[in-house]
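Student: From the sequence below, what's the structure:
(chains A and B)
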Amino acid sequence: MSAAVSKIREPLIQGRKNYHQITEDLIGPTEKAPNLMWIVAFTLSVITLGYGLFSLCWTFYFGIGAWNANRTIGWAFDITNFVWWIGIGHAGTLISAILLLFRQRWRTGVNRAAEAMTIFAVMCAGIFPATHTGRPWFDFFMFPYPNTRGPLWVNFNSPLLWDLFAISTYFTVSLLFWYTGLVPDLATVRDRAKGVRKKIYAFVSMGWTGKAKHWQRHEYLSLILAGISTPLVLSVHTIVSFDFATSVIPGWHTTIFPPYFVAGAIFSGFAMVQTLMVITRKCFSLEGYITTNHIESMNKVILVTGTMVGSAYLIELFVAWYSGYIYEQFAFYNRVLGPYYWSYIGMMGCNLLAPQVFWSKNIRRNIWWTFFISIFVNIGMWFERFVIIATTLARDFLPSSWSYYWPSWVEIGIYLGTFGLFFTLYLIFARVAPVVAAAEVKAILKQYGDQYLGPDAKPHHHHHDDEEVETQHGDDHKHHH
Amino acid sequence: MKGQHKEVLFGLYNDEEVLMSAIKKAKKQHLDIMDVYSPFPIHGMDNVLELEESRLHIVGFLFGMTGMFTALIGMSWIFGGSLMFDGDWPTIFGGKPYWSLPAFIPIVFEMTVLFTAIGMVVVFYIICGLGFGVNNPILDDRITDDKFCIAFQTNGMGDADLDKLNGFFKATGAEEVHTKAI
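Tutor: Numbers count the residues shown, from 1 in each chain, chains lettered A, B, ... in the order given. Have a look, this model is predicted:
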């Protein structure tokens, strides 16, 4: 349609695609047999997942003593990994919800895969709180219900319980949002499939036909889900930060935590999206849909949020000094110069310094730079959580109980296992469902396709448009006969 | 759709702008469109087709309120200390009052969002007649790909009316015209 479009915006769909070509490009990969690279990657992921499951069973059999967490450092690897995965799980809903409300059209290229990634990351995160007691069969204690232990309820005033509510809500809403968006594309897969595949896709596409009324309601639903997901996504990491911020531990009980955790979550989530999308677009030849413009937009978000996080680190140091409170001052002195100084250097280097290269437009638009910086950010954000959790606990009020922590092979195994789970699920997803939202890309084609916009666009006169339509018809006929 | 047979005459268009002008013409000629199908949502379709505004947001609001009050009343009932409840298991945490509203806000918020989302999505699928395993009749496989479709129900129509519809499709640039019983 003829919505007003800025002349200076660059096209988001390249390669002069028409609707049918979009279907071929995006649905096509689900119809082919997996290639060798996929099989190798999948096998490695499943093996890693298996090792993680073995480590979990080891934990359940021998108990939590198989971990190196000790009396001083009671929260260590597990909570670090939990917060890290939850942070990664923020990009999907941010891209689909907040960018939908802000009408950022570049979201259509990446939202599907980012949302899938969100769901898988939250599943990985959930493993840690579910198993960190070593007795996952008692997990039902977390849920509020009148129970056989008397009228005893969970502590509704505890941030840990808020976390349970926040994360289970976040997971459910993200899943519903993602799947509702996926249904029209699954219907496209169904209508091209034959035999058993057609039956399976008919089942999962829920009888979608593309009626005008259904599309209208679908748009409404997406918009309202986006509206409620926006405060939701901000609330989740806020509440995760409450796990620390509402405590009385110096170094944890700071009011800057909620905004700084949210910025960090967006930062790490976008980095993981970049890591995956750079690979995915190459493997599925999606360069026309996930263009350099998309990558640049995400790099800008990484630069902004990275700088926000970096500023928060510096403000924390300033406030610790300015508070005049020696325990707070010691906690931060210990972070920078204590036994875990190396993780502080890793955090500062990867999170504050590394993304600063994105001030350069050439680097923002360079695939290799993007890929390497995104890896740096992923590592840096892991260090951030480790710095906050382990470093702070290692030097508590009582010098005789000071301790040092290093993960055991079991803890490392569980962490590796979450990577196995994440990549296993992502690889399955990339095979069975279109990784780019085909219907949404088609809906913006006439505004953002490179034949309509940008330097190669044809002049925008009406009879020219008609010619354009005519040539598309010609192409379509060729495809269909 | 259950039980009775529908005779459908439908035209397929290659472009949504052609489709939109066709719908406008159909409305001008007072043709009774059964349905319009498209591979993606088309901006402005609601107005042209004169679709009623969706009331899904009201559903969302009601579910949200339900979630909010479920959480608020549930926690108030457990903790007591408020005007309405004695408390099922009143506990003091950190010297705060039994009924400490600020601490309830995170859970109240999450429950509001959870109920809204689940309620709206479930209602959406129910009112659209969609769901796992549902097989709605499909007029043409290419409607989810690159074809835009206007469908008319032709049960009991005379030749004159059918000619009129066929003429309409021809005049508005439909690429293909088919009939199907669904």
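Student: dump the residue contacts of residue B:48.
Tutor: Residue B:48 makes contacts with B:20, B:23, B:24, B:27, as judged by Cβ atoms under 8 Å, 6 or more residues apart in numbering or on different chains. Using the backbone N, CA and C atoms, a C-beta is placed for each residue, glycine as well.
Student: at 7 Å what do you get?
Tutor: Applying Cβ atoms under 7 Å, 6 or more residues apart in numbering or on different chains, we find residue B:48 in contact with B:20, B:23, B:24.
Student: Mind telling me what element the residue most central in space within chain B is part of?
Tutor: Nearest to the geometric centre of chain B sits residue B:124, at 5.0 Å (Cα atoms, centre = their mean). Residue B:124 is part of helix B:101-128 when elements are defined by DSSP states H and E.
Student: Tell me the buried residues in that helix?
Tutor: Residues B:103-104, B:106-121, B:123-125, B:128 are the ones in helix B:101-128 that count as buried (16 or more other Cβ atoms under 10 Å in any protein chain shown).
Student: ditto for stretch B:23-38
Tutor: B:23, B:26, B:33, B:35, B:36, B:37, B:38.
Student: and the helix holding residue B:124, what other elements does it pack with?
Tutor: For helix B:101-128, the packing partners by 3 or more Cβ pairs under 7 Å, 6 or more residues apart in numbering or on different chains; DSSP states H and E come out as helix A:159-192, helix A:212-245, helix B:56-79.
Student: avg pLDDT for it?
Tutor: Mean pLDDT, helix B:101-128: 94.
Student: coming back round to it: could the contacts of residue B:48 be laid out in a markdown table, adding secondary structure, distance to chain A and pLDDT?
Tutor: Formatted as a markdown table, the contacts of residue B:48 follow (DSSP: H, G, I helix; E, B strand; the rest coil; distance: Cβ to the nearest Cβ, whole Å; pLDDT from 0 to 100):
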| residue | secondary structure | distance to chain A | pLDDT |
| --- | --- | --- | --- |
| B:20 | helix | 8 | 90 |
| B:23 | helix | 9 | 91 |
| B:24 | helix | 13 | 91 |
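Student: give me every residue that touches residue A:320.
Tutor: A:328, A:329, A:331, A:332.
Student: roughly how far apart are the first one and chain B?
Tutor: Between residue A:328 and chain B the computed distance is 20 Å (Cβ to the nearest Cβ, to the nearest Å).
Student: where does that residue fall, phi/psi-wise?
Tutor: Dihedral pair for residue A:328: phi -60, psi -40, per degrees, to the nearest 10.
Student: May I have the secondary structure class of the residue lying closest to residue B:16 once chain neighbours are set aside?
Tutor: For residue B:16, ignoring the flanking residues on the chain, the nearest one in space by Cβ to Cβ, 6 or more residues apart in numbering or on different chains is residue B:42 at 5.0 Å. Secondary structure, DSSP: H, G, I helix; E, B strand; the rest coil: residue B:42 is coil.
Student: Residues contacting stretch B:130-144, please?
Tutor: The contact list for stretch B:130-144 (Cβ under 7 Å, 6+ apart) reads A:187-188, A:191, A:202-204, A:206-210, B:8, B:10, B:12, B:37, B:39, B:125, B:129, B:147, B:149, B:151, B:180, B:182.
Student: What is the end-to-end distance of that stretch?
Tutor: Length of stretch B:130-144, first residue to last, Cα to Cα, to the nearest Å: 16 Å.
Student: List the buried residues of that stretch.
Tutor: B:130, B:136, B:138, B:139, B:140, B:142, B:143, B:144.
Student: Could you dump those into a markdown table with secondary structure added?
Tutor: Formatted as a markdown table, the buried residues of stretch B:130-144 follow (three-state DSSP):
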| residue | secondary structure |
| --- | --- |
| B:130 | coil |
| B:136 | coil |
| B:138 | coil |
| B:139 | coil |
| B:140 | coil |
| B:142 | helix |
| B:143 | helix |
| B:144 | helix |
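Student: can you list the domains in chain B?
Tutor: B:7-39+B:146-181, B:56-128 (automatic domain parsing).
Student: pretty sure residue B:11 is touching residue B:179, no?
Tutor: No. Counting by Cβ atoms under 7 Å, residue B:11 sits too far from residue B:179 to count as a contact (10.6 Å).
Student: which of the two has more neighbours?
Tutor: A direct count of neighbours by other Cβ atoms under 10 Å in any protein chain shown for residue B:11 and residue B:179 places residue B:11 higher, at 24 against 12.
Student: what's the nearest residue to the more buried one if we skip its chain neighbours?
Tutor: Leaving aside its chain neighbours, residue B:11 sits nearest to residue B:174 (3.3 Å; criterion: Cβ to Cβ, 6+ apart).
Student: ok, now how distant is the one you found from residue B:9?
Tutor: In this structure, residue B:174 and residue B:9 are 11 Å apart, going by Cβ to Cβ, to the nearest Å.
Student: Check residue A:164 too.
Tutor: Counting by Cβ to Cβ, the separation of residue A:164 from residue B:9 is 56 Å.
Student: same deal with residue A:271?
Tutor: Shown here: residue A:271 relative to residue B:9, a distance of 54 Å by Cβ to Cβ.
Student: now residue A:140
Tutor: Between residue A:140 and residue B:9 the computed distance is 58 Å (Cβ to Cβ).
Student: So which bits of the stretch 201-350 of chain A are right by chain B?
Tutor: By Cβ under 7 Å from any Cβ of the partner chain, the part of the stretch 201-350 of chain A that sits against chain B consists of A:202-204, A:206-221, A:224-225, A:228, A:232, A:235, A:239.
Student: for the stretch 251-400 of chain A, which spans come out with low pLDDT?
Tutor: For the stretch 251-400 of chain A, applying pLDDT under 70 flags no range at all.
Student: where along it do the strands fall?
Tutor: Ranges of strands in the stretch 251-400 of chain A, per DSSP state E, counting those that start in this stretch: none exist.
Student: So out of everything in it, what residue is nearest chain B?
Tutor: residue A:258 (11.2 Å; Cβ to the nearest Cβ).
Student: Next up, the contacts around the closest residue to that residue other than its chain neighbours.
Tutor: Once flanking residues are discounted, residue A:258 sits nearest to residue A:238: 4.1 Å by Cβ to Cβ, 6+ apart. Counting by Cβ under 7 Å, 6+ apart, residue A:238 touches A:258, A:261, A:262.
Student: try it again with 10 Å
Tutor: Residues near residue A:238 by Cβ atoms under 10 Å, 6 or more residues apart in numbering or on different chains: A:162, A:166, A:231, A:245, A:257, A:258, A:259, A:261, A:262, A:265, B:106.
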